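Novice: The sequence and its predicted three-dimensional model are supplied below.
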Amino acid sequence: MDRFDAMQLFTRIVDLGSFTQAAAALDIPRATATHAIKELEARLHVRLLERTTRQVRTTVDGQAFYERCRHLLRELEEAESSLAELAINPRGRLRIDIHGAPAQAIVLPRIQEFHERYPHIELAMGSGDRLVDLVREGVDCVVRAGEPKDSSLVTRRLALLPQVTCASPGYLAAYGTPTRPSDLTRHLAVNFFSASRPEVFPYEFMVDGKLETFMLKDWISVNNADIYKSCAEQGCGIIQVPRFNVENQLREGSLVEILPHTPCPPMVYSVLYPHHRQLSPRVRVFIDWIAQLYAERFGSAAA
């Protein structure tokens, strides 16, 4: 293993805290990883890692070497990425993570177009709403709903999705149709939670130019957009959701919009990526491409 590969291996072991996970991430046998680190330590005449049965952590010398390796590897990647050929024809593996509903409705129907435009980029796409440690897990960028909380990441807003409050005709026949947001306190909801937010989301409305929030009673709460819609269609309660998610149901009549004259704040969708001085071309072209998809579907992302 050459010095560059050894440095990559060492930084992955530190990032993941595991020889086994680092070896799997780099697609090499664990024994090869162990031998390479022993050779590296012998060449440097220092011990870089402390190994126990439960964890791997750096020594003082190892932490200093890790910081230098990260810097050198980043500089090398930036130097390679600056080459004109790569800028014109980006290549390499790109790991992304996209929340389920937009992935299904907006990105996946057009993903072949991305491949045709950038045939040398290999996509690894995950889908979910859990918190992802981009650096630790080697993910290049994620698309998420809601206002980003992690200030260590760079955020590019993709879209402001109009939302709608709705329920099934059966539910409204049984419980009545609310005429103002305060009526909701007497109603049931299908509440929604996420992996990053175990408590349920409030229902939000703009009333006289001010944001008002309501916590609704429920007997069921979910963390999946399709289940959320299905429960509402069955009459389990009221939901508040991006309009594009329920356009078919509203058109077919299985869901009915309520409080149409009291708007909900739009839902923010953003792409997030680690802060680097220079994005690799493959990440940049993907972000530009997905931003174009959202702009075509929802218009300008300006607040």
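Specialist: In hand now; what should we look at?
Novice: Just give the nearest non-adjacent residue to Ala225, would you?
Specialist: Excluding its sequence neighbours, the residue lying closest to Ala225 (Cβ to Cβ, 6 or more residues apart in numbering) is Ala101, at 4.3 Å. Every residue, glycine included, has its C-beta placed from N, CA and C.
Novice: what about the one you found, which SS state?
Specialist: Secondary structure for Ala101, judged by DSSP: H, G, I helix; E, B strand; the rest coil, is helix.
Novice: Tell me who's in contact with it.
Specialist: Contact partners of Ala101, counting by Cβ atoms under 8 Å, 6 or more residues apart in numbering, are 225-226, 242, 245.
Novice: quick check, nearest of those to Ala25?
Specialist: Ala225 (30.2 Å; Cβ to Cβ).
Novice: give me the low-pLDDT residue ranges for this protein?
Specialist: 53, 81-87, 100, 102, 128-135, 148, 150-151, 196, 276-278, 301-303 (pLDDT under 70).
Novice: Any buried residues in the helix ranked longest in it, and which?
Specialist: Counting residues, the longest helix found in the chain (DSSP state H) is helix 60-81. Buried residues in helix 60-81, defined by neighbour count with 16 or more other Cβ atoms under 10 Å: 62, 65-66, 69-70, 81.
Novice: could you redo those residues as JSON lines and give each row distance to Glu204?
Specialist: JSON lines is the format used below for the buried residues of helix 60-81 (distance: Cβ to Cβ, whole Å):
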{"residue": "Gly62", "distance to Glu204": "48"}
{"residue": "Phe65", "distance to Glu204": "49"}
{"residue": "Tyr66", "distance to Glu204": "44"}
{"residue": "Cys69", "distance to Glu204": "46"}
{"residue": "Arg70", "distance to Glu204": "41"}
{"residue": "Ser81", "distance to Glu204": "41"}
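Novice: right, and out of those residues, which lies closest to Leu9?
Specialist: Within those, the smallest distance to Leu9 is 9.9 Å, found for Cys69 (Cβ to Cβ).
Novice: Apart from its neighbours in sequence, what residue is nearest that closest one?
Specialist: Leaving aside its chain neighbours, Cys69 sits nearest to Met7 (4.5 Å; criterion: Cβ to Cβ, 6+ apart).
Novice: Could I get the contacting residues of the residue lying closest to Arg47 once chain neighbours are set aside?
Specialist: The spatially closest residue to Arg47, leaving aside those adjacent along the chain, is Thr59, at 5.4 Å (Cβ to Cβ, 6+ apart). Applying Cβ under 8 Å, 6+ apart to Thr59 gives the contacts 46-50.
Novice: The residue nearest to Cys69 in helix, strand or coil?
Specialist: Assignment for Met7 (three-state DSSP): helix.
Novice: mind listing what the helix or strand harbouring Leu94 pairs with, with the direction of each?
Specialist: If you go by DSSP states H and E, Leu94 is part of strand 92-98. Strand 92-98 has the following sheet partners, assigned by DSSP bridges: strand 121-127 (parallel), strand 141-145 (parallel).
Novice: returning to that earlier point: if I look at the residue nearest to Cys69, how far off is Lys38?
Specialist: Distance of Met7 to Lys38, given as Cβ to Cβ, to the nearest Å: 15 Å.
Novice: Please say which of the two ends up with more neighbours.
Specialist: Taking other Cβ atoms under 10 Å, Met7 and Lys38 do not tie; Met7 has more neighbours (20 against 11).
Novice: what sits against that one?
Specialist: Met7 is in contact with 69, 72-73, counting by Cβ under 8 Å, 6+ apart.
Novice: quick one: it and Leu40, what's the gap?
Specialist: Noted for Met7: a distance of 8 Å to Leu40, by Cβ to Cβ.
Novice: ditto for Tyr269
Specialist: Applying Cβ to Cβ, the value for Tyr269 to Leu40 is 43 Å.
Novice: Understood, closing this out.
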